[in-house]
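Enquirer: structure here, sequence nowhere to be found:
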Ligand SMILES: NC(=O)C1=CN([C@@H]2O[C@H](COP(=O)(O)OP(=O)(O)OC[C@H]3O[C@@H](n4cnc5c(N)ncnc54)[C@H](O)[C@@H]3O)[C@@H](O)[C@H]2O)C=CC1
Ligand SMILES: O=C(O)C(=O)Cc1ccc(O)cc1
């Protein structure tokens, strides 16, 4: 099996912590060094057995690492890679878990010194919770991790990054970064935009006064679970996948408009058929 001597994790939260946990559990890494800004979180990482040691100095943290996993919010990823690039050991592979790929891959590939390698990745697995406390080793089990090589990607580094995610229990489709961003704009980013809007809309609706949200029952809670996700993470996704998200929001508005028309017209057959089509598609993915 593939074994790394030293893995540095920059941004030890749900995604970075969970990958460190599973790779340690499987014996695929001999040592894990946590790098971050908040010492409390990093200390907790050591206490929880996610990290062997930590530092707030990125330069020190990546010294001698043969694998670096960057799992900060998306906008910070190229900044962090620029900061560590001069200090990477020859042969080091840098990969990431960011939710947007064109922005990250385009910037990071250019930052890599000769003889070091960048490969973009995105686990399609997560929860609405953040921080190392929320991490767990089975997060990636049975999920998919999209890896996004380009024409510049080193073949052996790519093979190793694919292997890492397989060890974590995921299947690993390869996708072009631009295509990736379109796919996740539809399946992940749009639902988050809608969930955040729905909670704000109901919160802002004060026709009768009082706190409507306190009446929320199962359906509202199920639908809006993801609106509890981290605001900085979603700010960065909206900033860096803007065009694809706008396209999906406009496309979605068309469906909402159609439904609005059916409701306004009292079109019983149209409504039934709209709901039936959706129910059949949703039932099929369960
Ligand atoms: N939460 C989720 O369900 C998923 C998140 N992702 C992506 O993974 C990445 C990490 O997300 P989470 O683990 O959920 O976030 P998190 O909030 O649990 O962890 C991020 C960590 O990065 C640290 N950080 C922020 N800026 C930093 C910087 N400049 N230098 C060093 N550390 C820094 C934070 O203090 C925090 O400890 C994001 O890019 C996100 O888009 C990908 C798949 C799922
Ligand atoms: O909590 C959930 O169900 C999610 O949708 C988690 C998630 C968030 C962001 C990603 O890029 C991938 C997965």
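Expert: Yep, that arrived. The shown structure was predicted, so the numbers you read here are calculated from the model rather than taken from an experiment. Numbers count the residues shown, from 1 in each chain. Ligands and ions are numbered 1, 2, ... in the order given.
Enquirer: count of neighbours near residue 17?
Expert: As a burial measure, the neighbour count of residue 17 was computed by other Cβ atoms under 10 Å and equals 30. Backbone N, C-alpha and C define where each C-beta goes, glycine included.
Enquirer: for residue 40, that is, sorry about that
Expert: Residue 40: 10 neighbours (other Cβ under 10 Å).
Enquirer: for stretch 147-159, buried residues please.
Expert: 147, 148, 149, 150, 153, 154, 157, 158 (16 or more other Cβ atoms under 10 Å).
Enquirer: and the first one, what are its bridge partners?
Expert: Residue 147 has these beta-bridge partners by DSSP bridges: residue 121, residue 174.
Enquirer: quick check: the farthest pair among the buried residues of stretch 147-159?
Expert: The largest distance within the buried residues of stretch 147-159, taken as Cβ to Cβ, falls between 148 and 154 and amounts to 13.8 Å.
Enquirer: quick one: the strands in the stretch 51-200 of the chain?
Expert: 53-55, 67-70, 93-96, 117-119, 121-124, 144-147 (DSSP state E, counting those that start in this stretch).
Enquirer: now do the last one: distance to the chain's middle.
Expert: To tie it back to what came earlier, the one meant is strand 144-147. For strand 144-147, the distance from its own C-alpha centre to the chain's C-alpha centre is 10 Å (Cα atoms, centre = their mean, to the nearest Å).
Enquirer: ok, residue 143 to residue 276 distance?
Expert: Here the criterion is Cβ to Cβ, to the nearest Å. By it, residue 143 lies 30 Å from residue 276.
Enquirer: same check on residue 128?
Expert: The span separating residue 128 from residue 276 equals 30 Å under the rule Cβ to Cβ.
Enquirer: the more surrounded of these two?
Expert: A direct count of neighbours by other Cβ under 10 Å for residue 128 and residue 276 places residue 128 higher, at 15 against 10.
Enquirer: surely that one and residue 231 touch.
Expert: No: with contact taken as Cβ atoms under 8 Å, residue 128 and residue 231 are classed as non-touching, separated by 11.5 Å.
Enquirer: which residues in the stretch 51-200 of the chain form helices?
Expert: Secondary structure of the stretch 51-200 of the chain, counting by DSSP state H, counting those that start in this stretch: helices at 58-62, 76-84, 102-111, 155-167, 177-184, 190-204.
Enquirer: any chance of JSON lines for those, columns distance to ligand 2?
Expert: Below are these laid out as JSON lines (distance: least, Cβ to the nearest ligand atom, whole Å):
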{"stretch": "helix 58-62", "distance to ligand 2": "23"}
{"stretch": "helix 76-84", "distance to ligand 2": "13"}
{"stretch": "helix 102-111", "distance to ligand 2": "12"}
{"stretch": "helix 155-167", "distance to ligand 2": "14"}
{"stretch": "helix 177-184", "distance to ligand 2": "6"}
{"stretch": "helix 190-204", "distance to ligand 2": "7"}
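Enquirer: now those in CSV, with mean pLDDT?
Expert: Rendered in CSV, the data for the helices of the stretch 51-200 of the chain read as follows (pLDDT from 0 to 100):
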stretch, mean pLDDT
helix 58-62, 97
helix 76-84, 98
helix 102-111, 98
helix 155-167, 98
helix 177-184, 98
helix 190-204, 95
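Enquirer: which among the ones you listed is found nearest to ligand 1?
Expert: Ligand 1 lies closest to helix 76-84 among the helices of the stretch 51-200 of the chain, at 3.8 Å (Cβ to the nearest ligand atom).
Enquirer: can you list the buried residues in the closest one?
Expert: Going through helix 76-84 with 16+ other Cβ under 10 Å, the ones that come out buried are 76, 77, 78, 80, 81, 83, 84.
Enquirer: could you list which of those also contact ligand 1?
Expert: Judged by Cβ under 6 Å from any ligand atom, the overlap between these and the neighbourhood of ligand 1 comprises 76, 80.
Enquirer: nearest to ligand 1: which residue in the stretch 101-250 of the chain?
Expert: Of all residues in the stretch 101-250 of the chain, residue 126 sits closest to ligand 1, at 1.7 Å by Cβ to the nearest ligand atom.
Enquirer: and the closest residue to that residue other than its chain neighbours, how close does it get to ligand 2?
Expert: The shortest distance from residue 126 to any non-neighbouring residue, by Cβ to Cβ, 6 or more residues apart in numbering, is to residue 14 (6.3 Å). Note on residue 14: its distance to ligand 2, by Cβ to the nearest ligand atom, to the nearest Å, is 9 Å.
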